[in-house]
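Participant: Show me the folded form of this:
(2 chains)
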Amino acid sequence: MTVLEAKLSGRVGALGIEVELDTQGGTLVIVGPNGAGKTSLLLMVLGALEPSAGRIAVNGRELFDSALGVNVRLEERALGYVPQDYALFPHLDVLENVEFVLECRPDRANARRVRERALAVLEELDMLSLAERRAHTLSGGEKQRVALARALAAEPRALLLDEPLAALDVGARREVRAFLRAYLQKLGVPTIVVSHDAKDAAELGAHVAVLERGRISQLGTWAELRATPKTPFVEEFVLSESNAPQRERRSRPTLA
Amino acid sequence: MTRPSKQTLLRVVSGDGLLLALGTMLVLFLALPFLGLVATTSFRDFVAGLAHPLVWPALRLSLLTTTASLLVVVMLGTPLAWLFARSRGRFLRALETATQLPVVIPPAVAGVALLLAFGRRGIASALYPHDFSVAFTTAAVVMAEVFVSAPFYVQAATSAFRRIDEDLLLVGRSFGASPLRLFLRLGLPLAAPGLVAGAAMSWARALGEFGATLMFAGNLTGTTQTLPLAIYTALESDFRAAQALSLVLVAVAFGLLVGVRASFFVPAAGASEGSRA
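Facilitator: Next up, the predicted model:
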């Protein structure tokens, strides 16, 4: 697991970056305060945002390197992106959402079997009963499962989840988080999760990277972060996981 | 403390009563002409007006030319609007502004400009066979309508495409969707209500086109005399015909307006719920 360095500075679009992410087949959760650059980092890994300079590699695969002129197109990065509100195509039902993915794939030989294969994907993930539902009729948790199934239908090299639980009711989060944890473990697809929630980091992440003011300030397992927090933010962050009342902190105004 | 008292004074003077009075004056001014159109005619006059020989050729021609111009505008304008909405380049931004020019220039100027471009001695006349000109033909009517109505559609379509949640398109691209698939399978259906509304407004503008048509296509019954030109012509001979035709146009326009409004106030099925923190 090596995150050499993540440096984000200046305006979006004028960002320099140096990131090498290795999920080791597990889940890497990137946490940090608002405005630290978490979503920018994710969009750069996805290929939707181009850093002005630097290098991005995920699990050893070079995606961007300004020095070598490497910039793999978003369409060819083979990353499964699941945004915060899940972005199910609202004009298509669940089955058609999955079919859309299969139709995009270049193996034309299988084009005729798209429906068959889409049904197989839903069956495998135990979601056949949702096949004819539209996104707006699904619960938050169902939407997330469909979004994951849809992303997986593209057989991505890695999954990118942006705040996977933020769109849910607080009450539903626990259950969906437990499901997500089990699901990601079962799948074994390398996953990068961006979150501001300590509970996500504690339960979902094999490893946690803390992003502060555009830099990775600490990287390790949750246990390591708890045991030896390197910055005041990390110290406060690990405490916020348990709902235990936080200790009174004196004179720490710079904690952003 | 003079400030609060001034504010209090203002509030008293510009109370709801005054605002209501000012607003009512405008509404009355706008409503009175419509009332005049409807109230000063009888059903018999209306039928007699519609029987005027100018009426049916004009009605037929207007339907024909506005259908043709709408097809041209939608076929060519939709891809353009998609490019405008998707691009952040300076050139396309400038071009987007430029395509709005026909909205702000007077139709008479549009007529002169069309003549200078496509008339007998226009700059595009080299393309014509000898001594031919598209001016003063039915095709010229369609061209004038496209010229004045396209900007309405392009603008509405561009903003409809811009309203699409960017994440939907990012997700589509992450599956490897080609630009064409993105446009056809996501862009078009997701922007459909806005595209239809834009097409309706654009069509209404084409239907009402008068100035540019008169100058570039003329006023020939059956060939270039559309409904507005027929009204203008009938005004000199048979006022009932002018009034009847006007009523037809008002009814069509009103129906269109109500239809577009209604489709805009239906909440979009795909309105995204989760908001970004």
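Participant: Could you list the low-pLDDT ranges of the stretch 51-200 of chain B?
Facilitator: Flagging of the stretch 51-200 of chain B using pLDDT under 70 yields the residue ranges B:130.
Participant: how about the strands in it?
Facilitator: Using DSSP state E, counting those that start in this stretch, the strands of the stretch 51-200 of chain B do not appear at all; there are none.
Participant: Spell out which residues of it are next to chain A.
Facilitator: Contacts of the stretch 51-200 of chain B with chain A, taken as Cβ under 8 Å from any Cβ of the partner chain, map to B:165, B:167-168, B:170-178, B:181, B:185-186, B:189-190. (C-beta placed from N, C-alpha, C; glycine too.)
Participant: Give me the buried subset of those residues.
Facilitator: The neighbour-count test (16 or more other Cβ atoms under 10 Å in any protein chain shown) applied to those identifies B:165, B:167-168, B:170-177, B:181, B:185-186, B:189-190 as buried.
Participant: which one among the residues you listed gets closest to A:Leu41?
Facilitator: Proximity of these to A:Leu41 (Cβ to Cβ) peaks at B:Leu170, which lies at 15.0 Å.
Participant: Could you check the pLDDT of the closest residue in space to the closest one that isn't next to it in sequence?
Facilitator: Residue nearest to B:Leu170 in three dimensions, not counting chain neighbours: A:Ala48, with 5.3 Å by Cβ to Cβ, 6 or more residues apart in numbering or on different chains. Note on A:Ala48: pLDDT of 90.
Participant: cool, and B:Leu235?
Facilitator: Reading off the model, B:Leu235 has pLDDT 89.
Participant: ranges for the strands of chain A?
Facilitator: If DSSP state E is used as the criterion, the strands of chain A fall at A:16-21, A:27-31, A:53-58, A:61-65, A:70-71, A:79-82, A:158-162, A:191-194, A:207-212, A:215-220.
Participant: May I see the ones you listed organised as TSV, with mean pLDDT, mean neighbour count and distance to B:Arg93 added?
Facilitator: Below are these laid out as TSV (pLDDT from 0 to 100; neighbours: other Cβ atoms under 10 Å in any protein chain shown; distance: least, Cβ to Cβ, whole Å):
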stretch	mean pLDDT	mean neighbour count	distance to B:Arg93
strand A:16-21	66	21	27
strand A:27-31	89	26	34
strand A:53-58	83	20	26
strand A:61-65	89	17	27
strand A:70-71	92	14	24
strand A:79-82	94	26	27
strand A:158-162	92	23	29
strand A:191-194	91	26	31
strand A:207-212	86	24	33
strand A:215-220	81	18	35
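Participant: Now the stretch 1-150 of chain A against chain B: closest residue?
Facilitator: The minimum distance from the stretch 1-150 of chain A to chain B, using Cβ to the nearest Cβ, falls at A:Pro90 (2.4 Å).
Participant: how much space is there between the spatially most central residue of chain B and B:Val148?
Facilitator: Here the mean C-alpha position of chain B is nearest to the C-alpha of B:Ser202 (Cα atoms, centre = their mean), at a distance of 2.8 Å. In this view, B:Ser202 and B:Val148 are 9 Å apart by Cβ to Cβ, to the nearest Å.
Participant: and what of A:Gly47?
Facilitator: Shown here: A:Gly47 relative to B:Val148, a distance of 42 Å by Cβ to Cβ.
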